[in-house]
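1. no sequence for this one, just the structure:
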């Protein structure tokens, strides 16, 4: 099975450099100079890392096979992959194929649904959970909300804040600032006669 290391973004500059959307926790290892990475589609690679740099938290890479902007632009959207057997195991890292199909349980033991996928959001990854009623819910994949991932046991345990799950919408707490339109200290539509 192939695992995604990064997705190639836009070309940067004239000498073949590209921006990367990382999907690995170890970019220093995976993208070291001289590393050869398979690609999806396979016809775009393999690609050999010549140079990397990080600027304002964004990774930029130059590949031997893309020496100019035109060649770099042709790589936009290509995915860099490694074989799962070559992957380092991290006790606190999971791949989408390991999470899909896991039972989603509440910390109180109730079955909430099933994990159907993992999506990469700008701030952090989110679990895609299909609730028992069929609703699709995005759950932030952070320790505070997903305290237990038990792949061997076939489950994840969720401790969601009120209103996160569709089945818990009645417990959603909305502040006056979020509600908008009102004046601090009064409720919208309240009669303020003296």
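-> Yep, that arrived. Keep in mind that what you see is a predicted model, and the values were worked out from it rather than measured.

2. how about the spatially most central residue of the chain, what does it touch?
-> What sits nearest the mean C-alpha location of the chain, by Cα atoms, centre = their mean, is residue 120, with 2.2 Å. Shown in contact with residue 120 (Cβ atoms under 8 Å, 6 or more residues apart in numbering): 21, 23. For glycine as for every other residue, the C-beta is placed from the backbone atoms N, C-alpha and C.

3. For this protein, give me the ranges with low pLDDT.
-> Within the chain, the segments meeting pLDDT under 70 span 1-2, 25, 84-93, 95, 122-123, 170-194.

4. max-length helix in it?
-> helix 69-74 (DSSP state H).

5. That helix - contacts with which helices or strands?
-> Other elements packing on helix 69-74 under the criterion 3 or more Cβ pairs under 8 Å, 6 or more residues apart in numbering; DSSP states H and E are strand 2-12.

6. returning to that earlier point: give me the beta-bridge partners of the residue nearest to the centre of the chain?
-> Here residue 120 shows beta-bridge partners residue 125, assigned using DSSP bridges.

7. Roughly how far does it sit from residue 113?
-> 21 Å (Cβ to Cβ, to the nearest Å).

8. repeat for residue 14
-> 50 Å.

9. Between those two, point out the one with more neighbours.
-> The residue with more neighbours, out of residue 14 and residue 113, is residue 113; 22 against 10, by other Cβ atoms under 10 Å.
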